[in-house]
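Sequence and predicted structure are below.
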Amino acid sequence: MSDISEERIRVFTDAVKRYFSQTAGEAVEIDTAFLAEDGNPVYYDYTGLISISGGFRGCVYFSAPRVLLRHLLVAHGEADHREENLLDLVGEVANNFSGNAREHFGPAFAISPPVAVKGRPDRLKSDGFRRRPFVISVTWKAYTAAIAVCVEGAAQA
Amino acid sequence: MSGAIVKNDMKLMIVDDSNIIRGRIARVVETGKIPDVSVVGMARNGSEALRLCQERQPDLVTMDLTMPEMDGIVCTEGLVQIKPDVRILVVSALRDKATALEALQKGALGFVCKPFTDDQLAGALNELMERQT
């Protein structure tokens, strides 16, 4: 089980709501967070991964289907929907969620620049998913994406 | 003497590792929400920004913080050394107060949290330009 409490998962759900509200002017549906199956993280077409260090250890990722990201690019006013921008966006969204969480966790929640991948995110296993992550499912415009949080820390998050 | 910048032909440099965000900020400028400002350069990290600053001499900078190679805090400090009158607006997802304070101590003059709306960004940049130093 992740060391991060369910209560503090709310920090990330608030970040998700804020992101879609500010970027697209629309609300999102957020399901109850759940613990992912061991060694079987939830993922979609593209994944943006943030490594967490400092007083904490682990990672946060955002994974989304191509069609959701294309809609988000439109919301940003971006007409170029090439692969490069889909990867850029999925990383930037992960950066937003992780960075916003510092409002709660403080600067000891050190975040890396995003790493974005297409397809099966093999890299996840080596980047902090030794424990089962909390997964938050998000539905926007009928498309479902996921935020996964797997963080443990000296500060006992 | 007023420290406010005369807004004619003000030069803006955008520093962010995200192509999407660089484009978004540039489009906000192009819409005219920030009058008399033109984008003179974009950088993907702090190192690029320092090089570009010497070449383009921007009046204004939007500065991301979490970037590869050189982060925005270090870059802010470097830009102020190169061009002491440069006005830097941090645009970052890092929402904690300690980070904002550190950026201000290094020479930034404002802070906008990501995610932002076009109006929030334009308002912050306009405010930065009107501000007395």
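Perfect, thanks for sending it. Numbering: from 1, shown residues only, chains lettered A, B, ... in the order given.

tell me the mean pLDDT for the longest helix along chain A?
The helix that spans the most residues within chain A, counting by DSSP state H, is helix A:83-105. Here helix A:83-105 scores 97 as its mean pLDDT.

which residues touch the residue of chain B found nearest chain A?
When scored by C-beta to the nearest C-beta, chain B has B:Ala93 as its residue closest to chain A, at 2.8 Å. From N, CA and C alone the C-beta is placed, and that goes for glycine too. Listed by C-beta atoms under 8 Å, 6 or more residues apart in numbering or on different chains, the contact set of B:Ala93 reads A:95-100, B:66, B:113-115.

returning to that earlier point: next secondary structure after the longest helix of chain A?
Counting by DSSP states H and E, the next helix or strand C-terminal to helix A:83-105 is strand A:109-111.

and the helix or strand that that next one is followed by, which residues are buried?
The element immediately downstream of strand A:109-111 (helix or strand, assigned by DSSP H and E) is strand A:115-118. Within strand A:115-118, the residues scored as buried using 16 or more other C-beta atoms under 10 Å in any protein chain shown are A:115-117.

cool, stretch B:56-63 as well?
Residues of stretch B:56-63 classed as buried under the neighbour-count rule (16+ other C-beta under 10 Å) are B:58-63.

mind putting the buried residues of strand A:115-118 in CSV, distance to chain B included?
Below are the buried residues of strand A:115-118 laid out as CSV (distance: C-beta to the nearest C-beta, whole Å):
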residue, distance to chain B
A:Val115, 10
A:Ala116, 10
A:Val117, 16
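
any chance of the residues you listed in a markdown table, plus pLDDT?
What follows is the buried residues of strand A:115-118, written out as a markdown table (pLDDT from 0 to 100):
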| residue | pLDDT |
| --- | --- |
| A:Val115 | 95 |
| A:Ala116 | 96 |
| A:Val117 | 95 |
